[in-house]
Each structure stands twice: as C-alpha cells, then as structure tokens.
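J.: dropping a prediction and its sequence here:
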Amino acid sequence: MDRETRTFAERHYRSLAGRVPGGDGPAPSSVTFIRAPDAFSYADFVKGFLLPNLPCVFSSAFTEAWGSRRRWVTPEGKPDFEYLLHKYGDVVVPVANCGVREYNSNPKEHMPFRDYISYWKEYNQGGCSSPRGCLYLKDWHLCRSPFHADIFRSFSWSVNICGRKKWLFFPPGQEEALRDCHGNLPYDVTSTELLDTHLYPRIQHNSRPLEVIQEAGEMLFVPSGWHHQVYNLDDTISINHNWVNGCNLANMWQFLQQELQAVQHEVREWKDSMPDWHHHCQVIMKSCTGINFEEFYHFLKVIAEKRFLVLRQGLKGDTGDSTSLGLGLQQAAFDVGRLADVLASVVAHPDFQRVDTSAFSTQPEELLQQLKDAVAAAEAL
C-alpha cells in the first residue's frame, strides 16, 4: 500500500461514519475479470474491490508460475494422482460426506489421503457414483458445498489448480430474503423447496444470484459477508485461503456481536435465574462460533503488536524486518487506524465490559491508547 492509497482508504472509512462497509449499494450485474498482472496493482485491488467489498476473478496469468499448477496436474489438465500419492499419501485428511445433511453441514471423518485417492478413482470409474456416497476432502470438493458465508466474515481467495467451478453469489443482506419462516438460511439455494412461499415467505424470485464460472488457473476473490454456494464442474483441486485485514475487521466485529445476540436470544429465559448468565453466553458463543469477545480482544492485541513493530522500525528508518513480516509501512499505518476504531467499539460494548480483564497482560484501555498514539505517530509517514 502506498501513501496515496492509504489516504484514499482512510477517507473512505471516515465517510462511512461507523457503518460497516458492504451491502449498501446495488448488487453488481457481473463480476470483473482481471486479465493482465502487469496492468493491475495492489492499489487497484484496494480501491476497486477491497473497499467496496466486491468480488473479482483474476486470470490464470496470475498463477501460471505456481509450482502446484505444474506438479499437481497432468498434461491433460487432470489431477496427477501418482504425484499427489507420492507426496501426501500417508497424510490423514478430513473428509465430508456431501450426501448426508447434518443440520446445515455434512458429517466428517478422517482417512489416509491414499484411501481418499482410491475412493476418488472408484467414484470416477463408477460414472460419478459410489456406494460410499459423494465424499470431499476438506477444500478439494467433489460436489456442491452448502450455502454459507466465510468464517468470521473473512475475505477469501480460491485458486483452481485444475478443474472448473460454478459459484452462486448473494451480496451481503440479500440472503435475508432467503430465510425460512423459522429464520434459517437454506441448505441449498437451488432446492425446489424455496418455491414454497409458506416455508419461505420472504423469498424474492426475481432476485437471482450472481453466477461465476471459474476456469482452471483462475483466482476468485470472495468479499466479506457474501453468501455463496459452489459446484465443481470437473475433477477439481483448489487452494483456498481466508484472511482478515483492516478493510474487513469491522465486519468481523459486527458478526461477533450478532453471534452473541443470537446466543443471548436463545437462552434469554434463564437470564434472571442463571448466575453469571453473561459469562455463560460467552462460553456458549465460543462453543458455537469458535471465538468470543475475550479471544477477539487477544486477536486484536496480537495484530496490533505486529503493526507496532513495523511502525517502530519504519520510524527509525529500518525497514528490513518489515519486509519479512510481509507488511509495508503504509499498510501498517492504515491497519492501526482500523484497529483503533474497532477496539474503541469493543471497549465501549456493555458485554465486553462484563468480561473479566484483570489477568490480561495489557489492559484494553491501555492498548487503545497505544493504538491512538501509533495513529498520531503514523501521520508523519
């Protein structure tokens, strides 16, 4: 991130006046396809996609030098099972059964990777059918995945090493029209049961998903909070990664507040009779979501400390180690500003104020002041 992009991004968030980005404007009619790496900069990505929270597809030119595209794929463009077995055959991997619905997900088991490859070959030889059902290995999907938004409202990217995928996207907020009469999102947005207006009273049949066909080698950027459903159209291997940065940190915080509210709503009848009701809500939230308000604070603290290190080195004129952290000075300066804004909201939240912070190595108010001081110092960068 350069200085001009940082200034543009900071102005963008000031204009939001505390609102969470994404979902305010009209849904796009198509997804931008970016062809040439030389003609596209990180500043273009920030301004065109991260800040407005919009999806895009990067051409296979962006990944043509990846070793996995050379080594994991046969000349015919299919998975190279022999190479994968040689490298990863003894690895124990998580496998889900797509043919079985367990609440709004699929049951999982673990097996050696070589056993999964044997199943995959059997599945193909059986005309995409197997007595064991339709199984997928973690992110190497053999079928559609249930309708969802990515964990903690993170950004993600997905690269097809080989094969093709079809994505169905719904911008943030549009999924609300898909909730059933009990408030639940559908397991499958293509199911005919969505035609039942008694079960889905808010359904809008003129609201079509944004459809994307992702070809081999292409990289798809999935914005924060966009619900989606994915189909593999061929034998497909993909590499996927989720991340949170200054551009969607507030989205993550809003999501966690909504998760706590959902827990509190479910156990509200015991509020007056249960000692430490608020504490138990945090425990339940962690069990359901994987994180609660205390852990989110520690997450912010770890990220803040790394940004402080980059800024200190930069202010001393030493940027050598900054590069090893994968951060530039302007990116670190931008991030501390977003961290300060989000932490200020966390500290002011009534439910966070009920969290016992006495054993924290850095008190929240102290960390917030450190962030404010860092923001002021960063003005000189």
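T.: Yep, that arrived. Residues are numbered from 1 along each chain as shown.

J.: what distance separates the start and the end of stretch 137-147?
T.: Using C-alpha to C-alpha, to the nearest Å, one end of stretch 137-147 lies 18 Å from the other.

J.: for the protein, which residues score under the pLDDT cut-off?
T.: Low-confidence segments of the chain (pLDDT under 70): 21-26, 103-104, 138-144, 205-206, 318-326.

J.: show me where it has its strands.
T.: Assigned by DSSP state E, the chain shows strands spanning 32-34, 56-58, 92-97, 108-112, 135-137, 145-148, 155-162, 165-170, 210-214, 219-222, 227-232, 237-243.

J.: for L85, find the nearest of the ones you listed.
T.: Closest approach to L85 among these is made by strand 108-112 (10.2 Å; C-beta to C-beta). Placement of C-beta: from N, CA and C, glycine included.

J.: any idea which residue sits dead centre in the chain?
T.: In the chain, the C-alpha nearest the mean C-alpha coordinate belongs to S154, at 2.9 Å (C-alpha atoms, centre = their mean).

J.: and the gap between that residue and S129?
T.: Here the criterion is C-beta to C-beta, to the nearest Å. By it, S154 lies 35 Å from S129.

J.: for the chain, which helix is longest?
T.: Longest among the helix segments of the chain by residue count, using DSSP state H, is helix 293-315.

J.: now mean neighbour count too, for the strands of the chain, in CSV please.
T.: Output for those, formatted as CSV (neighbours: other C-beta atoms under 10 Å):
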stretch, mean neighbour count
strand 32-34, 15
strand 56-58, 21
strand 92-97, 17
strand 108-112, 12
strand 135-137, 20
strand 145-148, 18
strand 155-162, 20
strand 165-170, 20
strand 210-214, 17
strand 219-222, 21
strand 227-232, 21
strand 237-243, 16
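
J.: how about those strands in JSON lines, adding distance to Y119?
T.: Output for the strands of the chain, formatted as JSON lines (distance: least, C-beta to C-beta, whole Å):
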{"stretch": "strand 32-34", "distance to Y119": "35"}
{"stretch": "strand 56-58", "distance to Y119": "31"}
{"stretch": "strand 92-97", "distance to Y119": "8"}
{"stretch": "strand 108-112", "distance to Y119": "8"}
{"stretch": "strand 135-137", "distance to Y119": "6"}
{"stretch": "strand 145-148", "distance to Y119": "18"}
{"stretch": "strand 155-162", "distance to Y119": "18"}
{"stretch": "strand 165-170", "distance to Y119": "20"}
{"stretch": "strand 210-214", "distance to Y119": "24"}
{"stretch": "strand 219-222", "distance to Y119": "27"}
{"stretch": "strand 227-232", "distance to Y119": "15"}
{"stretch": "strand 237-243", "distance to Y119": "15"}
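
J.: so which of these gets nearest H12?
T.: Within those, the stretch nearest H12 is strand 155-162; the backing value is 16.1 Å (C-beta to C-beta).

J.: returning to what we had before: for the longest helix of the chain, output the C-alpha coordinates as PDB.
T.: Taking C-alpha atoms only, helix 293-315 is exported to PDB below (Å, rounded to 0.1, in the frame of the first residue of the first chain):
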ATOM      1  CA  PHE A 293     -15.300 -11.400  23.000                       C
ATOM      2  CA  GLU A 294     -12.200 -12.200  25.100                       C
ATOM      3  CA  GLU A 295     -10.500 -14.100  22.400                       C
ATOM      4  CA  PHE A 296     -11.300 -11.400  19.800                       C
ATOM      5  CA  TYR A 297      -9.600  -8.900  22.100                       C
ATOM      6  CA  HIS A 298      -6.500 -11.100  22.200                       C
ATOM      7  CA  PHE A 299      -6.700 -11.400  18.400                       C
ATOM      8  CA  LEU A 300      -6.700  -7.600  18.100                       C
ATOM      9  CA  LYS A 301      -3.800  -7.300  20.500                       C
ATOM     10  CA  VAL A 302      -1.600  -9.800  18.600                       C
ATOM     11  CA  ILE A 303      -2.200  -8.000  15.300                       C
ATOM     12  CA  ALA A 304      -1.600  -4.600  17.000                       C
ATOM     13  CA  GLU A 305       1.700  -5.700  18.400                       C
ATOM     14  CA  LYS A 306       2.900  -6.800  14.900                       C
ATOM     15  CA  ARG A 307       1.900  -3.400  13.400                       C
ATOM     16  CA  PHE A 308       3.600  -1.500  16.200                       C
ATOM     17  CA  LEU A 309       6.800  -3.400  15.400                       C
ATOM     18  CA  VAL A 310       6.600  -2.400  11.700                       C
ATOM     19  CA  LEU A 311       5.900   1.200  12.600                       C
ATOM     20  CA  ARG A 312       8.700   1.400  15.100                       C
ATOM     21  CA  GLN A 313      11.200   0.100  12.600                       C
ATOM     22  CA  GLY A 314       9.900   2.500   9.900                       C
ATOM     23  CA  LEU A 315      10.100   5.500  12.200                       C
END
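
J.: name the surrounding residues that touch that helix.
T.: Contacts to helix 293-315, defined as C-beta atoms under 8 Å, 6 or more residues apart in numbering, come from residues 252-253, 256, 260, 282, 285-286, 291, 319-322, 325, 327, 329, 332-333, 335-336, 339, 342-343, 346, 349, 351-352, 355, 357, 360, 362, 364, 367, 370-371, 374, 377-378, 380-381.

J.: again with stretch 74-81
T.: Contact with stretch 74-81 is made by R71, W72, V73, I117, W120, K121, C162, G163, A216, D235, I237, as judged by C-beta under 8 Å, 6+ apart.
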